[in-house]
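>>> Predicted model and sequence follow; I will ask about them next.
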Amino acid sequence: MNSKIKCVIFDLDGTLVNTIVDLGRACDYLLKNSGIESKWTEDNYKAFVGNGAKLLVERAFNGQLNPEQLEEQYAAFKIKYNEIKMENAYVYAGMLDVVKVIKDKGIKLAVCTNKPDKAAKGMVEELFGKDVFDIVLGATDNLPKKPDTAMADKILSELAISADECIWIGDSSVDIESAKNLGCKSIAVTWGFRSVESLLVCRPDYIVNSPKEIFDILKKN
């Protein structure tokens, strides 16, 4: 693979790993504990995710929480989700091979996700192995979430790589916008939590329907 790309930044949920069942279960748990019968489907939760766990919780409660209640439920969500996050999560078919080939070519691997940092690091290590990714960075209280570039800037700074030397792979408008804000090219994947139509509106540089197509794009860049 002859590529000028020195780093690939991956989103996590909906890109590398299907996590939607357990995200929904954690929210349903909060609702049940609050005496609310969940009316949300898996498709609803797919629409709710992408902007961080706190906003996911807010959406699950239909925007009915005051700021103090939201903080309480968000804290409870992180605890519950971290307990169950691996019960139904799985790596999308073909993505393990993609990651391995990219790493074998000496290209740096990073995960940049709005999933809470502790959950993200634990999930990536368990599903892909320790030290496979050079950096895994999830949401923390001290950095703005995607599509702000703060997280990605931190990743590139630690790797000593410029934005034009990396490419961003994700399944949502958040990732496409993040790539544009950072100044790198983007690959949108169609197997995640968003429709093809919604991805086209965002105008990513590339859209792929299978993981193996990522190799062809890297060869061109």
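Everything's here; your move.

>>> In the protein, where's the longest helix?
Counting residues, the longest helix in the chain under DSSP state H turns out to be helix 67-84.

>>> Now do the following helix or strand past it: everything it contacts.
Using DSSP states H and E, the helix or strand that directly follows helix 67-84 along the chain is strand 90-91. Counting by C-beta atoms under 8 Å, 6 or more residues apart in numbering, strand 90-91 makes contact with 16, 17, 18, 127, 128, all of which sit outside it. Where you see a C-beta, it was placed from the backbone N, CA and C, and this is true even at glycine.

>>> Then stretch 32-46?
For stretch 32-46, contacts defined as C-beta under 8 Å, 6+ apart pick out 14, 20-21, 23-24, 27-28, 31, 48, 56, 60-61, 73, 76, 193-194.

>>> Now the lowest-mean-pLDDT helix or strand in the chain: buried residues?
Each helix and strand of the chain was given a mean pLDDT (mean pLDDT, DSSP states H and E); the minimum falls on helix 213-220 at a mean of 91. By neighbour count, and taking 16 or more other C-beta atoms under 10 Å as the criterion, the buried residues in helix 213-220 are 213, 214, 215, 217, 218.

>>> Closest one of those residues to residue 80?
Closest approach between the buried residues of helix 213-220 and residue 80, by C-beta to C-beta: residue 214, at 33.3 Å.

>>> for the chain, what's the longest strand?
If each strand of the chain is counted by residues according to DSSP state E, the longest one is strand 108-116.

>>> what packs against that one?
Applying 3 or more C-beta pairs under 8 Å, 6 or more residues apart in numbering; DSSP states H and E, we find strand 108-116 packed against strand 7-10, helix 53-60, helix 67-84, helix 95-104, helix 117-128, strand 135-139, helix 150-159.

>>> how about a cut-off of 6 Å?
With contacts taken as 3 or more C-beta pairs under 6 Å, 6 or more residues apart in numbering; DSSP states H and E, strand 108-116 sits against strand 7-10, strand 135-139, helix 150-159.

>>> Compute the inter-axis angle for that strand and strand 135-139.
Between the axis of strand 108-116 and that of strand 135-139 there is an angle of 20 degrees, by axes from the mean of the first three to the mean of the last three C-alpha atoms, to 10 degrees.

>>> Give me the sheet partners of strand 108-116 and which way each runs.
Looking at strand 108-116 with DSSP bridges, its partner strands are strand 7-10 (parallel), strand 135-139 (parallel).

>>> mind checking which of those strands is nearest residue 102?
Nearest to residue 102, of all these, is strand 7-10, at 5.7 Å by C-beta to C-beta.

>>> any idea of the mean pLDDT in the closest one?
Rounded to a whole number, the mean pLDDT of strand 7-10 is 98.

>>> how distant is stretch 45-64 from the center of its chain?
Between the centre of stretch 45-64 and the centre of its chain there are 14 Å (C-alpha atoms, centre = their mean, to the nearest Å).

>>> Next, residue 133: secondary structure please.
Secondary structure of residue 133, reduced to three states by DSSP: H, G, I helix; E, B strand; the rest coil: coil.

>>> mind listing what residue 82 touches?
With contact set as C-beta atoms under 6 Å, 6 or more residues apart in numbering, residue 82 has these partners: residue 119.

>>> For it, give me the pLDDT.
Turning to residue 82, the model gives it a pLDDT of 91.

>>> Likewise for the one 4 residues further on?
Per-residue confidence for residue 86 comes out at a pLDDT of 95.

>>> phi, psi of residue 169?
The phi/psi pair for residue 169 (degrees, to the nearest 10) reads phi -120, psi 120.

>>> All set, thanks.
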